[in-house]
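Student: Sequence first, predicted model second:
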Amino acid sequence: RYDAAVDAFTRPEVEALATAFDFGAVRTVVDVGGGRGSALAVLLERFPSLRGVLLDLPPVVARHGPALRERFGDRVECVGGSFLDALPAGADVYVLKHVLHNWGDDDAVRLLAGCRDAMADGGRVLAIEGILLPGNLPDTAHLLDLEMLVLTGGRERRKPELRRLFAEGGLALERVTRLGPLGHLLEGRRR
């Protein structure tokens with residue numbers, strides 16, 4: 001049920017990502033904490049010259065990696081490991097789809113710094129996150145903020161907080177683009 005729920009909102013967000021960001025010159029993308037690889041699959045379908053890497057915990061990759069490899073062959077690599085320890089090096093783009101909100105500030109900065117250290121020259125971090133609006137206006141991100149706090153110790157953040165996390169991770173947050181009702185694309189590059 002969890003996987004099906006994630007897939008239900010992944011496709012529209014990643015289709016919007018594929019329109020908002022120019023993947024034309026991208027050779028390799030890493031889906032960081034990508035679970036079943038649903039986001040990566042959308043990108044590989046849409047951009048036939050793209051090569052993808054799915055990074056998630058070993059049991060997740062063992063469960064879902066074979067289907068991705070069967071579908072995309074040598075265009076996809078599945079790596080089991082913790083993204084807080086090491087990231088596959090040399091990719092052009094690192095996608096973090098609703099990953100940062102699972103973590104407190106220190107671990108979120110550690111993850112962003114790991115992306116910065118691993119990326120190829122000219123690489124980008126593309127984070128998809130909800131953004132808290134100022135004040136107490138009714139908003140789905142506020143509900144998700146409470147859910148993240150209770151379930152994971154993470155949280156949704158306001159735009160200045162996200163900018164600070166990127167900066168502390170050695171990245172400049174260059175652009176924020178709304179992708180849908182909850183997702184915003186945060187595009188960062190090495191500072």
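Tutor: Arrived safely, thanks for sending.

Student: Only C-alpha atoms from now on, for both contacts and neighbour counts.
Tutor: Noted.

Student: And the helices in the chain, which stretches?
Tutor: 2-20, 38-46, 58-72, 105-118, 140-151, 159-168 (DSSP state H).

Student: most packed of the ones you listed?
Tutor: Comparing the helices of the chain by mean neighbour count (mean count of other CA atoms under 10 Å), helix 105-118 ranks first with a mean of 21.

Student: Need the contact partners of it.
Tutor: By CA atoms under 8 Å, 6 or more residues apart in numbering, the list of residues contacting helix 105-118 from outside reads 83-84, 86-91, 94, 100, 125, 154, 165-166, 168-171, 189-190.

Student: I'd like to know which helix or strand in this protein has the lowest mean pLDDT.
Tutor: For the chain, the helix or strand with the lowest mean confidence is helix 140-151, at a mean of 57 (criterion: mean pLDDT, DSSP states H and E).

Student: Buried among the contacts of helix 105-118? Make that a ChimeraX selection.
Tutor: For the buried members of those, the matching ChimeraX selection, counting by 16 or more other CA atoms under 10 Å, is:
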select :83,87,88,90,91,94,100,125,154,165,166,168,169,170,171,189,190
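
Student: From Gly170, how far out is the residue most central in space within the chain?
Tutor: Central residue check for the chain by CA atoms, centre = their mean: the C-alpha nearest the mean position is that of Leu96, 1.2 Å away. Distance of Leu96 to Gly170, computed by CA to CA, to the nearest Å: 16 Å.

Student: Repeat that for Asn102.
Tutor: For Asn102, the distance to Gly170 - CA to CA - is 20 Å.

Student: Ala127 bridge partners, please.
Tutor: Taking DSSP bridges as the rule, Ala127 bridges to Leu96, Leu186.

Student: which ones are touching it?
Tutor: Ala127 neighbours (CA under 8 Å, 6+ apart): Val95, Leu96, Lys97, His98, Val99, Leu100, His184, Leu185, Leu186, Glu187.

Student: among the residues you listed, who's most crowded?
Tutor: Leu185 (27 neighbours; other CA atoms under 10 Å).

Student: so that one makes contact with Arg124?
Tutor: No - Leu185 lies out of contact with Arg124 (CA atoms under 8 Å); the separation is 11.9 Å.

Student: which residues sit in contact with the residue nearest to the centre of the chain?
Tutor: Per CA under 8 Å, 6+ apart, neighbours of Leu96: Asp31, Val32, Gly33, Gly34, Val125, Leu126, Ala127, Ile128.

Student: go on, Thr19?
Tutor: Counting by CA under 8 Å, 6+ apart, Thr19 has no contacts.
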